[in-house]
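Peer 1: coordinates only, sequence not included:
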């Protein structure tokens, strides 16, 4: 009886939570000047920030102050700075996470503020700091939209040095992934997310401390594969280790929401 009461209380809490979600206001950004992005946008991956400023609160200092820079198609850019300098805020603005920003962010000639927020986020591949895997078969974490054949998945797994790991799993591509991918190492989980980004084939890729949880050897492996397989993509990376972006085209140095330097890391 006591167990039944406890279960009922748990279910009621779940119902209350679902009901609370129905009261949430929809995210702004769907009623826009351009209802849908062009089919092949972005085709090149040119990114421009023009006088972009951002404050998370109505009262308080801005976290970004008149940020302006341009990234050519296929260019690799590292974004560095101390904690709180505004690195992640640049990425958030690119993905239209804040409801309101000042200035313009333009990708291949189109201001992202004029586009449906969903179209903007679909157009950009993001490799996050904490790798996310579905609690399902491995294939779903690699190809959530089920667009690729098993042969194509095996080919990409071979390129990212994960094929032998998957071959040795019971079920292989259809092996079960436990909650949070706990039955894979941190490095393997990040490589799976990296594989997913490769399969998406996007022209603009964002990496936000994507290798912070892996050892130096795995980081070097990811970077070597990255340079080989994504040399045609425009990349913005917030590195955990400065060595990660040491061979990038240019580095943006941020301090207190402003760009204090932007140049090649090569001497």
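Peer 2: Now that the structure is in, tell me what you want to look at. Predicted, not measured: the structure shown is a model, and the values here were computed from it. Numbering: from 1, shown residues only.
Peer 1: tell me, how many residues neighbour residue 153?
Peer 2: Neighbours of residue 153 under the rule other CB atoms under 10 Å: 20. All C-beta spots, glycine's among them, are computed from the backbone N, C-alpha and C.
Peer 1: could you report the neighbour count for the closest residue to residue 135 other than its chain neighbours?
Peer 2: The shortest distance from residue 135 to any non-neighbouring residue, by CB to CB, 6 or more residues apart in numbering, is to residue 179 (5.0 Å). Residue 179 has 9 neighbours, counted by other CB under 10 Å.
Peer 1: any low-confidence regions in the protein?
Peer 2: 1-2, 11, 26-30, 267 (pLDDT under 70).
Peer 1: all helices of it, in order?
Peer 2: With DSSP state H as the criterion, the chain has helices at 2-22, 87-94, 117-122, 138-142, 150-159, 163-167, 186-200, 216-229.
Peer 1: report the distance from the fourth one to the chain centre.
Peer 2: Taking CA atoms, centre = their mean, to the nearest Å, one finds the center of helix 138-142 at 17 Å from the center of the full chain.
Peer 1: packing partners of it?
Peer 2: Where contact means 3 or more CB pairs under 8 Å, 6 or more residues apart in numbering; DSSP states H and E, helix 138-142 is packed against helix 150-159, helix 186-200.
Peer 1: likewise for the second one?
Peer 2: With contacts defined as 3+ CB pairs under 8 Å, 6+ apart, the packing partners of helix 87-94 are strand 47-54, strand 64-71, strand 76-81, strand 204-208, strand 234-238.
Peer 1: check the gap between residue 233 and residue 45 for me.
Peer 2: Using CB to CB, to the nearest Å, we find residue 233 at a distance of 6 Å from residue 45.
Peer 1: which neighbours do the two share?
Peer 2: Counting by CB atoms under 8 Å, 6 or more residues apart in numbering, the common neighbours of residue 233 and residue 45 are 74, 203-204.
Peer 1: need those residues in TSV with distance to residue 196, can you?
Peer 2: Output for those, formatted as TSV (distance: CB to CB, whole Å):
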residue	distance to residue 196
74	21
203	16
204	16
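Peer 1: quick revisit: winner for burial among the helices and strands packed on helix 87-94?
Peer 2: Mean neighbours per residue, mean count of other CB atoms under 10 Å, is largest over the helices and strands packed on helix 87-94 for strand 234-238, with a mean of 24.
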